[in-house]
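Colleague: The amino acid sequence is not available; the structure is as follows:
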């Protein structure tokens with residue numbers, strides 16, 4: 001009788017193979033869920049990086065135009081930015097009427113509106129993203 005009780009106890013000690021398989025499956029599901037978050041984080045980081053670069057490139061072009069003489073400020077067609085092949089810039093210049101809520105006009109009344117556009121490819125959908133910086137400059 002003593003021997004039967006010992007054998008019963010030996011069978012109850014430890015875990016079965018099925019329990020190990022279930023535990024490993026649950027662990028793998030958790031690890032997979034955690035690891036699937038990392039690519040999304042990398043894409044969001046890359047999107048922010050490109051938006052920041054676009055902002056700097058737009059500000060750089062705006063500063064260049066603000067340092068020019070009033071008569072030298074003209075449109076610039078869309079071109080690829082050197083050293084940043086993913087980015088393109090374009091500058092649009094128009095005349096505005098200071099007496100009509102700064103509405104655009106066809107004649108020079110002493111104020112120009114400078115619009116700098118920066119374009120780059122989106123990380124997620126492959127579509128194009130853009131940034132616009134606008135300022136006014138008066139004839140000196």
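Modeller: Done, it's in. All figures in this text were calculated on a predicted structure; none of them were measured in a lab.

Colleague: going forward, measure contacts between C-alpha atoms and count neighbours the same way
Modeller: OK.

Colleague: Could I get the buried residue list for stretch 31-50?
Modeller: Neighbour counts over stretch 31-50 (16 or more other C-alpha atoms under 10 Å) mark 47, 50 as buried.

Colleague: avg pLDDT for it?
Modeller: For stretch 31-50, the mean pLDDT works out to 86.

Colleague: Identify the single longest strand in the chain, thanks.
Modeller: When every strand of the chain is counted residue by residue (DSSP state E), the longest turns out to be strand 84-97.

Colleague: Once you drop chain neighbours, what's closest to residue 76?
Modeller: Leaving out its chain neighbours, the residue that sits closest to residue 76 by C-alpha to C-alpha, 6 or more residues apart in numbering is residue 91, at 4.8 Å.

Colleague: quick one: that neighbour from residue 127, how far?
Modeller: 21 Å (C-alpha to C-alpha, to the nearest Å).

Colleague: Between these two, which has more neighbouring residues?
Modeller: Using other C-alpha atoms under 10 Å, the more surrounded residue of residue 91 and residue 127 is residue 91, with 23 against 9.

Colleague: Test my guess that the more buried one contacts residue 79.
Modeller: No. The criterion here is C-alpha atoms under 8 Å, and residue 91 misses it with residue 79 at 9.8 Å.

Colleague: about what we covered before: give the pairing partners of the longest strand of the chain; include direction for each.
Modeller: strand 76-81 (antiparallel), strand 103-105 (antiparallel), strand 111-121 (antiparallel) (DSSP bridges).

Colleague: Please identify the deepest-packed of those.
Modeller: The highest mean neighbour count among the strands paired with strand 84-97, using mean count of other C-alpha atoms under 10 Å, belongs to strand 111-121: a mean of 22.

Colleague: how close does the nearest residue in space to residue 114 that is not next to it in sequence sit to residue 104?
Modeller: Excluding the flanking residues, the one nearest residue 114 by C-alpha to C-alpha, 6+ apart is residue 93, at 4.8 Å. Distance, residue 93 to residue 104, by C-alpha to C-alpha: 10 Å.

Colleague: now swap in residue 71 and tell me
Modeller: Separation of residue 71 from residue 104 (C-alpha to C-alpha): 18 Å.

Colleague: Good, wrapping up.
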